[in-house]
Structure formats: C-alpha cells, structure tokens
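> A structural model of the following input is requested.
(2 chains)
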Amino acid sequence: MSAISASEKVDGFTRKSMRKAQKQKKSQGSSQFRTQSSLVELSPLPQLKDAPSTEQQDLFTQKLQQCCMLFDFMDSVTDLKSKEIKRATLNELVDYVSTNRGVLVESAYPEITNMVSTNIFRTLPPSENPDFDPEEDEPTLEAAWPHIQLVYEFFLRFLENPDFQPSIAKRYIDQRFVLQLLELFDSEDPRERDFLKTILHRIYGKFLGLRAFIRKQINNIFLRFIYETDHFNGVAELLEILGSIINGFALPLKAEHKQFLMKVLIPMHTAKGLALFHAQLAYCVVQFLEKDPTLTEPVIRGLLKFWPKTCSQKEVMFLGEIEEILDVIEPTQFKKIEEPLFKQISKCVANPHFQVAERALYFWNNEYILSLIEENIDKILPIMFGSLYRISKEHWNPTIVALVYNVLKTLMEMNSTLFDELTSSYKADRQREKKKEQEREELWKKLEELKLNDTALVQNNSHGLQNAQNNNNNNNNNNNNNSNSHDNQDKSTAVGVSTDIQDPDITTATTESTTSAK
Amino acid sequence: MTLTVVCFSIWLCLVSLYGLGTCLSKMAGADGDDSLYPIAVLIDELRNEDVQLRLNSIKKLSTIALALGVERTRTELLPFLTDTIYDEDEVLLALAEQLGNFTMLVGGPEYVHCLLPPLESLATVEETVVRDKAVESLRKISQEHSPVDLEVHFEPLVKRLASGDWFTSRTSACGLFSVCYPRVSSTVKAEIRQHFRTLCSDDTPMVRRAAASKLGEFAKVLELDYVKSDIISLFTALASDEQDSVRLLAVEACVSIATLLPQEDLETLVMPTLRQAAEDKSWRVRYMVADKFSELQKAVGPEITKNDLVPAFQNLLKDCEAEVRAAAANKVKEFCENLPEDSREQIIMTHILPCVKELVSDTNQHVKSALASVIMGLSTILGKDNTVEHLLPLFLAQLKDECPEVRLNIISNLDCVNEVIGIRQLSQSLLPAIVELAEDAKWRVRLAIIEYMPLLAGQLGVEFFDEKLNTLCMAWLIDHVYAIREAATCNLMKLVEKFGAEWAQNTIVPKVLGMANDPNYLHRMTTLFCINALSEACGQEITTKQMLPVVLKMSNDQVANVRFNVAKSLQKIGPVLDSNALQTEVKPVLEKLATDTDMDVKYFAQEAISVLALA
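Now for the predicted structure:
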C-alpha cells in the first residue's frame, strides 16, 4: 500500500542514502480524518482540589469532556494556549484518580472510557518508511505524545485504582474497545506500545470475560502478520503479555492453547523480522514445554521444518532456542527427537559461517546437554562424528577447529570404543559414500543411454541448463560490453579504472568490474 | 560456498532431467519389467532426504505420471502424493501447481475427480502461497468436471472446506464458490449461497477478507435477483466491518456489483456504501477508493459521477493523508477523460483544476510526482487555449520543482503537450530543467533523461538541439558510469537516424573521433563503441573515409582492451565497408592482431577474420 516512489524505481540506491540523511528523529501526526472542523478555544476550569466536594464530581466530568478536544500537533504554532490547558487538565486528572479514594462513581466510567477512546483510538498513519528496519532506523514518533502519554497514564491509573470495579467497567471496556486497543499495538512509537502492553495486561487480569476474546484476537493479529502482511510493530509486546498468560494456563492444556503453539507460535519463526521478537517468542515456547513436556517432540519437529536455509543470523537464534528447550527437556522426550535434531546440529557444526558453527558447538559447554548426550552416545556419536571429523581438518576458522577438537575429545571420553571404530571406519565410510554417489551418477548415465527417440525433450532441458550457466557467467558483465566475459578484464595498468569509481551511486556495478579487473 | 551450492543444484537438475528423458523413452519403448526401473528411481527421489531433490522430482511429476500410465497414476502415484502433504511448503507449492494440469494424466475429465483429495489437503495448509496455488488448480480442474461430477465430487469438497475447523480451509473455500455455482442445480445453488453468506460473517478476519475479495466475482455468477437480495446485504455488512482491511476489500467488490445492477437501483443499493467508503475514517479505505476511482466511475455511470463522484474526488485530492492524495492524483487524467462529454470541460475547470493547482505545490513529493506523471494528459482534453492559459503555468512550475522525479515525469510526457500546443512554448523552461537533470548526481536520473533525448530532439528541431543540447550529449560520452556512456552511444545513433548522415558528419563524428587520442583508455574505447553504433546510420562513405582510419590506428594501442575492441569494431563495421577496403586495409590489421601477445586480442581478431571471411 505504501507508495514506492518512482525515483526509487529510477534509482535503486537512493533509499539508503536518503535514510542516512534523515537520521534525525521524525515525528508524525496520527491519521485523524476531519475530526473537528472548528476548534473552540479551551478555557481553564477551576482546580479539582479547590472545589467543594459536592461539586467535584461534576467538575471531574467537565474536565473529562474538555479533554476530548483533539489538537493538531503537526502544526506546532496553533492553539498553544488550549494545548497547554489540556495538558494541565490531564495532569490534574492523573493526579486526581491516583491519589483520591472514592472518585470512581458509576457515572464516571462512561465519561472516562469515552475520553480515553476519543484520544487514543485512531487509524495509524501510513508508515513513512515502508522498509522500516527497527534495528537500524529511528522509529517515527507520535507527534501528539504530550497529550496521548497523559491519557495513557490516566487510563492506567484508572485501571489500577483500588476502587476500580470491573463489573461496571465491562459495560464500556468491551470487545470492541479491546479490538481497537490491539490495533494500536502496530504503532511505530515504542513509548506508546509500552503503555499499551501494561494496559492490556491489566485488562486481561481484571476482565475474566474478555480473556478468551483477547487471546483469539492476538491469534488473528499473529496469523495476519505471518501469512498476510509480514508487518506488525507490536509483536514483541504482545508476545511478552502472552508469556505471562501461558504461565498461568491450567493443566492439562486446552486444545486451543496447543493449537496456538503449533499453528501460530511455531510458524512465527519464519518471519523476516524474527530478531525483533525472538527472545519473547522463545520464552513463550519454553513456557509451553515446561507446562506440558509431551509437546517437545512436535515443537522441535516444527522448528526443524522451518529451519532457516540461508539466513545465518536466524540460524544462530534457532540454535539458541533449541538450547533453551534442551535445558528443560525430559530425557524420555529427548530420546524421541535426538535423531532428527542431531542431524541438524551436525549440519550446523559444519556450517562455514563460524557464528553458526560456534553456537552449535557451545552446546557442549552445557552440563545438562552433555549428560543427555552421554546417555545416548551410541545414537548421537555416529550422527555427529562425520561432520566433526571433517571440520576438524577443514574449517577455515581456527577457533572452530579448536572447539571441535574439544568436542571430539569429550565425545571420545564418553565412548572410546565406538569412537575408535568410527575413526577407523571413517575413510571407508567416506569412500562408500563417494562410491554410492558415483553409482548414482552411473545410474543416471545408464538411464540416459537407455533413451530412444526423445531427443527433443532432452535438448530442451539441456538448453535450459546452458542458459542457467550462461546467466552465471554474465553476472559480472552487466556493467560492460557483454558479448564476452573477457571484456571486463582490464589487461593493462591504464589510468581509467580509478576514474570509473568516482560516482558513489554505481558502487555495486563498478566493484564488480574493478574486482574482475585484476 | 555459494558456488558449490550452485554447482550442486545444477548437478541435481541434470540428474532429474536425464531421468525424465529416460522415463519418456522407456514409456515409448515399454519393454516389460525394465521399464519400471527408472520410475522406481524417480518415485524414490520423491522420498529423498534432500528437499532440493524432492523439489526437482515433483516439478517433473507430469513426466513420471506419463511414464506410469493413467491407471497406475490413479492407483499408486496419487495416493502416494496425498501422503506427501506433510512436506516442506516449497515442495507442496510445486505439487499444487502440477496437479492443476493433471487431468489428461489421470485419464481425462472422466477421472478428474481423483485429483480432488490431494488438492483438498493442500487447500488447508497454513502457508498462503501453497493454499492459493491449490485453489487455483482446483478452479482450473473444476471446469473439467461434468455437471454430475461437479455435484457428486466437487461441491461436497467445497462444503467440507467451507465448514472446516481451521480458518485456512474456510479461506480456500471462498475462492471456489463462483466456479461451481453456474453449473449446479438450484437446490445446490441455494446451499452454496448459504455457505458464502456464513463465511462473510465468519469470526476470523482472515476469512472475511477472503470472502470480501471474492464477493465481486461471486456476484457476477449470481442471478440478478439474488445479487439484489443476497449480495447487497453482504456487501453493506463487509463495507462496515470493524476491520479496515475487510472494508477496503469491499470497495473492490463495489466495482463489480455496480456494473451488474441496473442504473435505477444504484442510488439506493450501492451509493450509500460507496459514499461512506470515500469518507471512511481509515486512510487505507480512502486510498482504495482513490485507487479504484476510474473503475468506480465507469461502473456507476455519468449521472452519479456528476452528482456524487466529482465532489468525492475533490475531497480525495485534498485528503489529509499524502498516500490518498497521491493515489487520487494518479487518477486525475483518467477521471477527466471519462467525464461525460457535455459537461466535461466545465467540471474540470470549476472543480478539478483548482485542486490540481494546489497539488502542484503539495508538501509531499510523491503526490507531486504522481500528478506530474498524468497532468500533461489534461492538455488534450482541454484543448489549446485552456492549456496555454491554465495548464502551462503548472507545467512550468513542475519543471522547476525541487524533486528530480517530478521534472522527469513532466519531461517524459512532453509528447502529449506537443500535440496540442507545440513544445516551443515550453522550451525556455525546458532547457534549464533538462540541463539540471543531465548533471544530476544520481546516474539513474541521468540515464532516464538520456532516454528522452531523441524524442526531445525530434520535437525541438535540429537548430535548437545543436545550440543547446549537443554539448550535453557529448559530455555523457565521458561520464564516469559505464551505463551512461553506453546509453549516450545509443542516443547518438538515434539522433543520427533522426537528423541524417550529413548532420552526423558535421557535428558528431569529429568529436567522437577526437576522443581516440584521449589519455583515458575508457574514453578511447568509447570512440570504438560509438563507431560500432554509428557506422550503419552514417553509411559507407563516412565509415570508410573517416572512421576506419581511426579504428585501424587504434590497433596499436598499448591497452589490450582497446586492441581487442578494435578487432570487435572491425567485425562490426566490416559489412558497411566495400571489399576493397576490407582486403587492403582491414585484413592486414586483423592478421597482425591475430598474432598479438594477449590471448583475448588474438581470440577476437580470429573471430573477426572468420566472420568477415577474410581468411
């Protein structure tokens, strides 16, 4: 939906530089659509504490109504006086509900929820930066924060007031209210999301009738995030709330909760921005397993299914989560998944990315995991041995090699006979594997020889293949005359090369050409 | 690492490709037990531990099925595939796609229902792309069912999906109603309508979104009475859903529904909802209205357009959200074009133009550039006088906009204005804008403006060009960026095609040839590239007399890249030369280059010799 501008289409390199230039904090108004056409200037009301107690309630209501007036904070010069009056009033209201007893009479509830709804419920504006990277970019902040903050503060104090009665409030804080509250979690402003988190937590705690509804709506938000939009700013906050909710689930777990784990939380690991909420997500998963250890097998199988194929950073996160799970795993559960799990771990250990290999090898520093491995060494050692042995000879990173030696030593101490057997059969095993591979190749060759008159098909296919290879070759030619890959190679020490890289916009294109120019 | 991966996957491709070839051939040969062997191998591949291998085999599933024959495909392969549903999503996606084309492979339309069980399972998986593909395939094969089979096999499947527990199956069901509705009996039709109604008020927003997005499509296959009785109420409900993601999809449905209804019903049945959508509190919904505005306009007809859509459009052009304004700005031209002719000019002048004027100085650059990409189109609608009086000042203002994209969009649409008032009206402002873009720091902006040069040159005429733009065109030849130099070369060729060889000889060729002595080898190579491009357009005389000597002289260049490009240039311009020049001048030089110390120079010299048949 967010417009990708034509200039970005024209010049794919602008974004980063534009972003760099805009590093200063941005703020954004909420997308209020023609809410109030004419603003009436606010006039200050007398202080609540100065009013006689009989009139206090009336005055309280009046002040709540006054605070329903909304202001345009993108325009920093208009209505300054009114803005200040509203701010002061909100401050006073916060103070009033947090220090006084007996102020929450029944008639105040609709006024309070109305004031809160009017101020905070709004359609969030389009994102200024569609590829917002929360790790790198500054979030866009809510311009109306000076007021909105106080409204949140007030609402929280209201919920936490000892006189607060959910039985009255539930008429106003209903499903519709909660739904709108949940939508606000998409706010880019982290301060707002923080308030929302606390507020939703309080509502979940106080309104038993809304609990199932809240869980279901969070479910929907997550499913939409995973399968439809891939974008929602408040995932981490919602997961944090869920973490504490899961903690309180009664045993045995309801089917609804198990479904949530398997169909929402596990697929959530595939999200692009996993790094932003992985800690909270892993916490939720582990909470589930601590509640019900029989879920271990499906959870680990689920993680293995979604194991990252190209993103090393994510792989490190997955390994971290696996370790957290192994920390709480029951030995009987461990036996059920050791084989597929250690096949994956053995792949990770052999990963050329040293952070992945290192993270996997760190498992051997964990006493509990070590004891599990030792108990099942007969199964695990044969799975791990090949990778470890090969890596000990081949890995480029000396730290990894050192770690692998330690791991091999540990494993050897666990079962030296098996270790010796594997060592002596390693070569033979590799040769057998190679032979198998060769046989496979032979087989296909033989099959090819069997072919009779289907040359057309084979030609077609091999043509496709050649194309693929050509594409490979052509990759570095884009910047130059591309009739042949030789073109790029600068055969001389000529002067031209350095001038060719002055334009910073062409970095990708020219680095290729200069690197290929020896 | 990546290299090995690439090699590996290429190898895998090879493996499966060869396998297939064999399969086919074996089928043709069909000689007893032996023929089953490769099939066993292929099925074994479908079970392989390596995902990539499974994927490759599944992509060639049709070949396997062909080899197996229809009988065994039905009894062995399909049950096996139905079990595979627990595989990786990538494999499932390929499977879902394949099955859509399987009708002949299971024995034709008579047996097509055999494909339903695996597709039904695929239509319930979580991953959206897999599910969508399964639905697409189901829609495809639904057409191949006989009306009886449709009721016996297909429709029950739709019902099962529509009442599934998990939202995924209900979402998939939404896409299947419209394909079976027209061909079933009226009792079944009533059931289908009921199911669709239920899904429109499903309690998961995902399902409501799916239903809303299929509402228009479903309305099209319904009888008009049911459109009025059923669809309108569903439409109204979805358009006031609590979630804006559902409401905005109802806007899309609005187009189809309005097209179906007779004009006199529109006002009561559709317009209240549409008006509400155009003023929705969520900008996403308003954006959708703006984005679909031309379609809506056509669907509701001229009268409603005049009374309702014109003010709505004005509001969208003035919306507080830039996103909405940009979407509306994009539609300005189309909207104006489609206005009823009798009042078009008056509406534009009094209602639309004032908004457009404001947008020219909008605070948001996306809005301005959206406008700039269509504003020139208004001139054909408004005619010469209005253009000069009202639009020209806007064009000029946009040509001076701070954002290069806005200026570029104006320049790229100059042809519309040229037809109405001629480009000269603009030339005073045009020139500075072009010059500035031509020197923009971003090479892609420079590239974009170069591409408009031949067009501009044609419209501005040769004199203006020589005076103002020629230097720019020559400067691009020594740009830092290869892509610009390349485009500049190509630009010269197009200019020569436009202005003729004589013009080339006087203005371009001397400058190009002068670069042959540049100390920078990249510039010397540019000379060669220009010659490659220009020789044909310039003709034999200029090529032989002026260009060839320079090329030949460059064969002694100290940089090997220049030398082998000389060989390539000679190959390129050879056909333009006469045989005398080829034999006496080109041949000796190429022969000398063929003995060069550099292997690449040798290679290209030899290639040129053989292509020009000089050996």
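
> from here on, contacts and neighbour counts on C-alpha atoms
Will do.

> contacts for whichever strand or helix holds residue B:206?
Secondary structure here is read from DSSP states H and E; on that basis residue B:206 sits in helix B:205-221. Contacting residues not belonging to helix B:205-221 are listed as A:220, A:224, B:167-168, B:170-172, B:174-175, B:177-178, B:181-182, B:196, B:199-202, B:227, B:231, B:235, B:238, B:243, B:245-246, B:249-250, B:252-257, B:260 [C-alpha atoms under 8 Å, 6 or more residues apart in numbering or on different chains].

> now do stretch B:422-435
Everything outside stretch B:422-435 that qualifies as a contact, by C-alpha under 8 Å, 6+ apart, is B:392, B:396, B:399-400, B:407, B:411, B:414, B:417, B:449, B:459-460, B:468, B:472.

> pLDDT (mean, whole number) over that stretch?
What stretch B:422-435 shows for mean pLDDT is 74.

> sorry, back to before: and the contacts of helix B:205-221, which of them are in strands?
Here DSSP state E is the test, and those give no hits in strands at all.

> which of those residues are buried?
Neighbour counting over the contacts of helix B:205-221 (16 or more other C-alpha atoms under 10 Å in any protein chain shown) leaves A:220, A:224, B:167-168, B:170-172, B:174-175, B:177-178, B:181, B:196, B:199-202, B:227, B:231, B:235, B:238, B:243, B:245-246, B:249-250, B:252-257, B:260 as the buried ones.

> can you give me the end-to-end distance of stretch B:182-191?
Chord length of stretch B:182-191, first to last residue, is 13 Å (C-alpha to C-alpha, to the nearest Å).

> centre of the chain to that stretch, how far?
In terms of C-alpha atoms, centre = their mean, to the nearest Å, the centre of stretch B:182-191 is set 38 Å apart from its chain centre.

> what comes up buried for it?
So, applying 16+ other C-alpha under 10 Å, buried residues of stretch B:182-191: B:183-184, B:188-189.

> what's the answer for stretch A:156-176, then?
By neighbour count, with 16+ other C-alpha under 10 Å as the criterion, the buried positions of stretch A:156-176 are A:156-161, A:164-165, A:169-170, A:172-173, A:175.

> quick one: contacts of that stretch?
Stretch A:156-176 has contacts (C-alpha under 8 Å, 6+ apart) with A:94, A:97-98, A:101-102, A:104, A:106, A:109-110, A:113, A:198-199, A:202-203, A:206-207, A:210, A:213.

> 7 Å - rerun?
Defining contact as C-alpha atoms under 7 Å, 6 or more residues apart in numbering or on different chains, one finds that stretch A:156-176 is touched by A:94, A:97-98, A:102, A:104, A:109-110, A:113, A:199, A:206-207, A:210.

> got it, and stretch B:128-144?
Contacts made with stretch B:128-144 from outside it, assessed by C-alpha under 7 Å, 6+ apart, are listed as A:227, B:89, B:92-93, B:96-97, B:99-100, B:109, B:119, B:122-125, B:172, B:175-176, B:179.

> go on, stretch B:308-325?
Stretch B:308-325 has contacts (C-alpha under 7 Å, 6+ apart) with A:3, A:33, B:278, B:283, B:286-287, B:290, B:328-329, B:352, B:355, B:364, B:367.

> now, which of those residues sits nearest residue A:365?
For these, the minimum distance to residue A:365 (C-alpha to C-alpha) is 49.7 Å, reached by residue A:3.

> number of residues surrounding residue B:561?
23 (other C-alpha atoms under 10 Å in any protein chain shown).

> and residue A:191, how far is that from chain B?
When distance is defined by C-alpha to the nearest C-alpha, to the nearest Å, residue A:191 is 23 Å away from chain B.

> quick one, what contacts that residue?
With contacts defined as C-alpha under 7 Å, 6+ apart, residue A:191 is in contact with no residue.

> at 10 Å instead, please
A:141-142, A:145, A:149 (C-alpha atoms under 10 Å, 6 or more residues apart in numbering or on different chains).

> possible to save the residues you listed as JSON lines with secondary structure and distance to chain B?
Rendered in JSON lines, the data for the contacts of residue A:191 read as follows (DSSP: H, G, I helix; E, B strand; the rest coil; distance: C-alpha to the nearest C-alpha, whole Å):
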{"residue": "A:141", "secondary structure": "strand", "distance to chain B": "17"}
{"residue": "A:142", "secondary structure": "strand", "distance to chain B": "15"}
{"residue": "A:145", "secondary structure": "helix", "distance to chain B": "19"}
{"residue": "A:149", "secondary structure": "helix", "distance to chain B": "22"}
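
> okay, those in TSV with pLDDT and neighbour count next?
Conversion of the contacts of residue A:191 to TSV gives the following (pLDDT from 0 to 100; neighbours: other C-alpha atoms under 10 Å in any protein chain shown):
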residue	pLDDT	neighbour count
A:141	85	19
A:142	85	24
A:145	89	18
A:149	92	18
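
> including distance to residue A:309, could those residues go into JSON lines?
Shown next, in JSON lines, are these (distance: C-alpha to C-alpha, whole Å):
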{"residue": "A:141", "distance to residue A:309": "35"}
{"residue": "A:142", "distance to residue A:309": "38"}
{"residue": "A:145", "distance to residue A:309": "42"}
{"residue": "A:149", "distance to residue A:309": "43"}
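
> closest to residue B:265 among those?
Proximity to residue B:265 was ranked across the contacts of residue A:191 by C-alpha to C-alpha; first place goes to residue A:142, at 44.5 Å.

> what's opposite the closest one in the beta bridge?
Judged by DSSP bridges, the bridge partners of residue A:142 are residue A:28.

> just give me the neighbour total for residue B:248.
Residue B:248 has 27 neighbours, counted by other C-alpha under 10 Å.

> what sits up against stretch B:510-521?
If you take C-alpha under 10 Å, 6+ apart as the criterion, stretch B:510-521 is touched by A:492, A:494-497, A:499, B:474, B:477-478, B:489, B:504-505, B:522-531, B:546-547, B:549-551, B:553-554, B:557-562.

> mind giving me the ChimeraX select for those residues, buried ones only?
Those of these that count as buried under 16+ other C-alpha under 10 Å are selected in ChimeraX with:
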select /A:492,494,496,497 /B:474,477,478,489,504,522,523,524,525,526,527,528,529,530,531,547,550,551,554,557,559,560,561,562
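
> just to revisit the earlier point, what's the farthest-apart pair in the buried residues of stretch B:182-191?
Maximum pairwise distance among the buried residues of stretch B:182-191 (C-alpha to C-alpha): 9.7 Å, between B:183 and B:188.

> what is the helix ranked longest in chain A packed up against?
Within chain A, and with DSSP state H defining each element, the longest helix by residue count is helix A:416-449. Helix A:416-449 is packed against helix A:377-394, helix A:398-414, helix B:2-29, helix B:36-46, with contacts defined by 3 or more C-alpha pairs under 10 Å, 6 or more residues apart in numbering or on different chains; DSSP states H and E.
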